[in-house]
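Asks: sequence and predicted model, in that order:
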Amino acid sequence: MRLIEAIRSALSAILANALRSLLTMLGIVIGVAAVIAMVAIGSGARNLVDQQIRSLGANLVIVTPGNVTQGGARLGAGAASTLTDEDAEAIRNEIDGVVAAAPFVQGGAQVVAGGSNWGTRIYGVDLDWFSAREWDVATGRTFDPEEIRRGDIAVILGQTVARNLFGDEDPVDQIVRVRNVPFRVIGVMAPKGQSAFGQDQDDVIFVPLDAGRRRVIGRNYAKDGSVGSIFVKFANEEDIETGIESMTSLLRQRHRILGEQEDDFSIRNLTEIANTASASANTLSMLLAAVAAVSLLVGGIGIMNIMLVSVTERTREIGLRLAVGARPRDILSQFLIEATTLSTIGGALGVGLGAGAAYLVAQLAGWPSLVSTNAILLAVGFSALVGIFFGFYPAQRAARLDPIEALRRE
Amino acid sequence: MALIETRDLGRTYELDAGRVVALDRVSLDIEEGDFVAVMGPSGSGKSTFMNLIGCLDRPTHGHYRLAGTAVESLDANGLARLRNSEIGFVFQQFNLLPRVDALNNVALPMIYAGTDRRTRQERALQALGRVGLAERAHHRPMQLSGGQQQRVAIARALVNNPSLLLADEPTGALDSRTAAEILSLFQELNREGVTIVLVTHDADVGRHARRLVRFKDGRVIEDLRQTPLDARDLVAAETAA
């Protein structure tokens, strides 16, 4: 019997018990829909994480002050202000592959403009900041080198701050007050969105490093030209590992740390953190897909069950087919094709449902979701395999029937 | 050479209760063009004999040649092929597929013969015409009477032009009037040259065959030539009477 005819006759058998077939398919439909939706949502989530991490800036390393021991008490990381402008300068000049070394200080501040005010984070930065973070202004301009050098009281606003203080008005050339110091707004940053850790990266303002140190953030930065942290950007990912090693020895040397003594700074590779985060997102989506695959298995068992029922119900038909000349393998393939058709239709319906669910989740959660062609092919192929696998035993039972027994059965 | 030749044909079943001899060394020849009625009480071995000559079962000893083929040497696939090309079955319960129309029921054996779709349709329609049901080709079994259903089954049995038509109680599920119609259809087919072997309980049906074979306890106890093989007109005359 040719395949097309076999499929046509399988379809008519499936349609003869439409409700039962539909209910049987439901297991596969739900299984495939779950796989498709989970993979789509999972890879959407991974993309989101990737995107957020990339928004931090590629090939980025952050140097933070380390812990210090004062009178026997070990203070936590970042407690000391051991890093200075000169450290950044030295890193920029002496380490291979470094394209930017951006020392910065940060703090919180209330920003006032006319009648409105807004609490935000304030960063004191130099020009390297913008290239290290791969971030530029949307309107206005960034600082010029003179402003940085003099520590002028100029400010660049993040999108969120600009919107909250000025609404639709153009903030450039307006005056905002931070701790009673009037700053002239020279630009507004391009929107950056959420960070990988859920922070609004646009809720921020930037002032020149020295202005930040002297006028707004205070602490003890001003005293000794120390900085909060240093972002170091490398040209290539391959340079990072050796770069971190040479930075470590350079900083130890500059800070006069001898032999066994602990570093008073720490260096973290943000690219590595990014990779880890994206790997864990990956693992999550694999896990979801695996759970969904289990439901496919359950669907397969449903198909096996209904095929066994069908073989029992149609014993006389099988006997007749054998009597008129069907070989056992004709019967085998008839029932296999029926099971496979059933599961493949279920798979196709499942793809539709899953893609719909993924789209809905994407719309509701604002996540990007990706229904990949691969996932669709895999799901449909897998459901066909489920049909073959779980259809085989019932089909074999049918093929092994004795024609005399089968014809006699009521 | 006879169409059917059995030599010491035997079939025993190994049951829990012990060995049962269903058919005990039956040697029988059936010529082409004959119309043989097989009768006997239940358990006499007539059904076993039918299953064996129908190639649905294999003998435990003895030999069976159908149209020159040694059946006992065939495997399941070989038996299937022989059933497909050489034998047409007619059952008491018709055994039509309920979901498909008469035409496709008749076409079923040709699917397994590998006949292409168009030829199948043509020949199925032809076979339906032969049993007088051409105009019911697209009715489903449910929409046909018992006698019509049995005619469809007979058309199905004839469609591959088999050398033997095997009927197992073909009138058993029909009222006497319809049964008579079906019986005369068999006789008509036989006059056209179809070899028929028919199992029946009905003595009246048995009387109309050319040859009557009685089974008891797995053996042939009576083999009666009622009408000469070549005397076709005689059978016709008898039917008319």
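Replies: Structure received.

Asks: now the residue in the stretch 251-400 of chain A positioned nearest to chain B, what's its secondary structure?
Replies: Nearest to chain B in the stretch 251-400 of chain A, going by Cβ to the nearest Cβ, is A:Gly325, at a distance of 2.4 Å. For the C-beta atoms, the positions are set from N, CA and C on the backbone; glycine is no exception. Counting by DSSP: H, G, I helix; E, B strand; the rest coil, the backbone at A:Gly325 sits in coil.

Asks: any stretches of the chain with poor pLDDT?
Replies: Picked chain A for this. Counting by pLDDT under 70, chain A contains low-confidence ranges at A:1, A:53-54, A:67-81, A:195-198, A:218-224, A:368-369.

Asks: look at chain B instead
Replies: In chain B (pLDDT under 70), the answer is B:230-241.

Asks: surely A:Val204 touches A:Gly119?
Replies: No. Using Cβ atoms under 8 Å, A:Val204 is not in contact with A:Gly119; the gap is 11.5 Å.

Asks: could you check how many residues crowd around the residue of the stretch 251-400 of chain A closest to chain B?
Replies: 26 (other Cβ atoms under 10 Å in any protein chain shown).

Asks: three-state assignment of B:Val26?
Replies: strand.

Asks: the helices in chain B, which residues?
Replies: B:46-53, B:76-86, B:102-113, B:117-130, B:146-158, B:176-191, B:203-208, B:232-240 (DSSP state H).

Asks: same deal with the stretch 1-150 of chain A?
Replies: A:3-16, A:18-56, A:85-94, A:128-132, A:145-150 (DSSP state H, counting those that start in this stretch).

Asks: nearest to B:Leu66, of these?
Replies: helix A:3-16 (29.0 Å; Cβ to Cβ).

Asks: and that closest one, anywhere near chain B?
Replies: Yes. Counting by Cβ under 8 Å from any Cβ of the partner chain, chain B has neighbours in helix A:3-16: A:Glu5, A:Ser12, A:Ala13, A:Ala16.

Asks: spatially central residue for chain B, please.
Replies: Chain B has B:Leu166 as the residue nearest its centroid, 0.8 Å off, counting by Cα atoms, centre = their mean.

Asks: go ahead and confirm that residue touches B:Gly88.
Replies: Yes. B:Leu166 is within contact range of B:Gly88, at 6.9 Å (criterion: Cβ under 8 Å).

Asks: which neighbours do those two have in common?
Replies: B:Ala157 (Cβ atoms under 8 Å, 6 or more residues apart in numbering or on different chains).

Asks: quick check: residues of chain B near chain A?
Replies: Residues of chain B lying near chain A (Cβ under 8 Å from any Cβ): B:51, B:54, B:56-57, B:76-77, B:80-81, B:83-85, B:89, B:91, B:93, B:95, B:97, B:99-100, B:108-109, B:111-113, B:117, B:156, B:160.

Asks: next, count neighbours for A:Phe389.
Replies: A:Phe389, neighbours per other Cβ under 10 Å, totals 16.

Asks: one more: A:Arg329?
Replies: 14.

Asks: could you pull up the contacting residues of it?
Replies: With the criterion set at Cβ under 8 Å, 6+ apart, A:Arg329 makes contact with A:Ala399, B:Asn77.

Asks: check the one 3 residues further on too.
Replies: Residues near A:Leu332 by Cβ under 8 Å, 6+ apart: A:Ala395, A:Gln396, A:Ala398, A:Ala399.

Asks: hmm, B:Ser85 and the residue of the stretch 251-400 of chain A closest to chain B touching each other?
Replies: Yes. Under the criterion of Cβ under 8 Å, A:Gly325 makes contact with B:Ser85 at 7.3 Å.

Asks: which residues do the two both contact?
Replies: B:Ala113, B:Asn160.

Asks: find the nearest non-adjacent residue to the residue in chain B that chain A sits nearest to, please.
Replies: Per Cβ to the nearest Cβ, B:Asn84 is where chain B lies closest to chain A, at 2.4 Å. Among residues not flanking B:Asn84 along the chain, A:Gly325 sits closest, at 2.4 Å (Cβ to Cβ, 6 or more residues apart in numbering or on different chains).

Asks: go on, B:Arg19?
Replies: In space, B:Arg19 is closest to B:Thr12, 5.6 Å off (Cβ to Cβ, 6+ apart).

Asks: dump the residue contacts of that neighbour.
Replies: B:Arg19, B:Val20, B:Val21, B:Ala22, B:Thr60.

Asks: do A:Ile388 as well
Replies: Contacts of A:Ile388 (Cβ under 8 Å, 6+ apart): A:Leu336, A:Ala339, A:Thr340.

Asks: how about those in CSV, adding secondary structure?
Replies: Formatted as CSV, those follow (three-state DSSP):
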residue, secondary structure
A:Leu336, helix
A:Ala339, helix
A:Thr340, helix
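
Asks: give me the angle between the lengthiest strand in chain A and helix A:85-94.
Replies: Longest strand in chain A by number of residues (criterion: DSSP state E): strand A:98-113. Interaxial angle of strand A:98-113 relative to helix A:85-94 (axes from the mean of the first three to the mean of the last three Cα atoms, to 10 degrees): 140 degrees.

Asks: mind giving me the packing neighbours of strand A:98-113?
Replies: The helices and strands touching strand A:98-113, judged by 3 or more Cβ pairs under 8 Å, 6 or more residues apart in numbering or on different chains; DSSP states H and E, are helix A:85-94, strand A:116-125, helix A:128-132, helix A:159-166, strand A:175-178, helix A:209-211, strand A:229-234.

Asks: the fourth one packs against which elements?
Replies: Looking back up the chat, that one is helix A:159-166. strand A:98-113, strand A:116-125, strand A:181-189, strand A:204-208.

Asks: would you reformat those strands as JSON lines and include mean neighbour count?
Replies: Formatted as JSON lines, those follow (neighbours: other Cβ atoms under 10 Å in any protein chain shown):
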{"stretch": "strand A:98-113", "mean neighbour count": "20"}
{"stretch": "strand A:116-125", "mean neighbour count": "19"}
{"stretch": "strand A:181-189", "mean neighbour count": "20"}
{"stretch": "strand A:204-208", "mean neighbour count": "26"}
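
Asks: what's across from the closest residue to A:Asn269 other than its chain neighbours in the sheet?
Replies: Leaving aside its chain neighbours, A:Asn269 sits nearest to A:Val61 (5.4 Å; criterion: Cβ to Cβ, 6+ apart). A:Val61 has the following beta-bridge partners by DSSP bridges: A:Val232, A:Asn269.

Asks: my guess is A:Val61 meets A:Glu272, correct?
Replies: No. The criterion here is Cβ under 8 Å, and A:Val61 misses it with A:Glu272 at 9.2 Å.

Asks: looking at the two, which is more packed in?
Replies: A:Val61 (23 against 14).

Asks: who's in contact with the more buried one?
Replies: A:231-234, A:240, A:243-244, A:247, A:267-271.

Asks: cutoff 10 Å now
Replies: A:Val61 sits next to A:91, A:98, A:101, A:132, A:230-234, A:240, A:243-244, A:247, A:267-272 when contact means Cβ atoms under 10 Å, 6 or more residues apart in numbering or on different chains.

Asks: tell me how far it lies from chain B.
Replies: 72 Å (Cβ to the nearest Cβ, to the nearest Å).

Asks: kindly report the same for A:Asp87.
Replies: 85 Å.

Asks: hmm, A:Leu251 and that residue touching each other?
Replies: Yes. The pair formed by A:Asp87 and A:Leu251 meets the contact definition of Cβ atoms under 10 Å, at 6.3 Å.

Asks: what is in contact with those two at once?
Replies: With Cβ under 10 Å, 6+ apart, A:Asp87 and A:Leu251 have common neighbours A:Val63, A:Ile230, A:Phe265.

Asks: residues near the first one, how many?
Replies: To tie it back to what came earlier, the one meant is A:Val63. 24.

Asks: same question for the last one.
Replies: Using other Cβ under 10 Å, the number of residues around A:Phe265 comes to 25.
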